[in-house]
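Student: Take a look and give me a structure for this.
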Amino acid sequence: MTIQFGTFVPQGWRLDLIEIADPITKYEAMTAVARTVDAIDVYDSIWVYDHFHTVPRIEREAVFEAWTITAALARDTRRVKVGQMVTCIGYRNPALAAKIASTVDVLSHGRLYCGIGAGWYEHEWRAYGYGFPETRDRMRAFREATQIMVKMWTEETPTFAGEYFHIRGPINEPKGVQQPYPSLWIGGGGEQVTLKLVAQYGNASNFSGSPAEIRHKCAVLREHCVAVGRDYDTIIKSTK
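Tutor: Just a heads-up that it's a prediction; the model follows:
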């Protein structure tokens, strides 16, 4: 078994840049961390959060947008993978999200980890005008979004007609560098939807909890893999 380590860069979400006043200096501090990590052979990846408002308390402080800095950090580094933990599917149309990921996979020379999840931070959902659907609806939309993103990466003329999303042959070129699509990290431990999506489409699964809880999630994931004919050992399991 191979164990790899990744680290988050300071992007403001956890109030980790509040001692710096100038926004350019804040960004350069984040970049300096990324370059340092890239230069030492300890970490294999760097990560950002897909959030707009700070935690653990909401403050009027800088938070850099996830995909903008994913692209920028990919060009500021040469070795490490660059990912999001995780992209909220409620914040971007999934076809557009797939297009963005394809572009970043190319400009990173295939070093993208594309993390996706259903989303949970109600305050920023509502503040940005997305509403906040019930959990059942968010999970169903998450399933549809995942299917659309995979179609965007693997089909020449993708179409999809769902309850929450529709696409009619959008062109996505270039589709990316990694094959069959950018490394897809699916976040969350939901046993009926999320882990089933991991078995069907994911390169990696990210969940949290105690060691016993993680063992249970892995067992459920293994069952889903058996059901769809997927090799469980080909899926990366991660936690933070």
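Student: and the helix or strand that contains Val104, what other elements does it pack with?
Tutor: Element membership of Val104 [criterion: DSSP states H and E] is helix 94-107. Secondary-structure packing of helix 94-107 (3 or more Cβ pairs under 8 Å, 6 or more residues apart in numbering; DSSP states H and E): helix 66-76, strand 112-117, helix 135-154. C-beta coordinates here come from the backbone N, C-alpha and C atoms, glycine included.
Student: Tell me if I am right that Ile186 is in a strand.
Tutor: Yes. Under DSSP: H, G, I helix; E, B strand; the rest coil, Ile186 falls within a strand.
Student: please begin residue numbering at 647 from this point
Tutor: I'll keep to 647 as the first residue from here, and by that count the last item is Ile832.
Student: what mean pLDDT does the helix holding Val750 have?
Tutor: Helix 740-753 carries an average pLDDT of 99.
Student: before we move on, the earlier item: single out the most deeply packed of the helices and strands packed on helix 740-753.
Tutor: Most buried of those, by mean neighbour count (mean count of other Cβ atoms under 10 Å): strand 758-763, with a mean of 27.
Student: distance between it and the chain's centre?
Tutor: Computed by Cα atoms, centre = their mean, to the nearest Å, the chain-centroid distance of strand 758-763 equals 3 Å.
Student: what helices or strands is it leaning on?
Tutor: So strand 758-763, by 3+ Cβ pairs under 8 Å, 6+ apart, packs with strand 691-694, strand 727-730, strand 733-734, helix 740-753, helix 781-800, strand 829-833.
Student: returning to what we had before: buried residues in the helix holding Val750?
Tutor: Under the neighbour-count criterion of 16 or more other Cβ atoms under 10 Å, helix 740-753 has Pro740, Ala741, Ala743, Ala744, Lys745, Ile746, Ala747, Ser748, Thr749, Val750, Asp751, Val752 buried.
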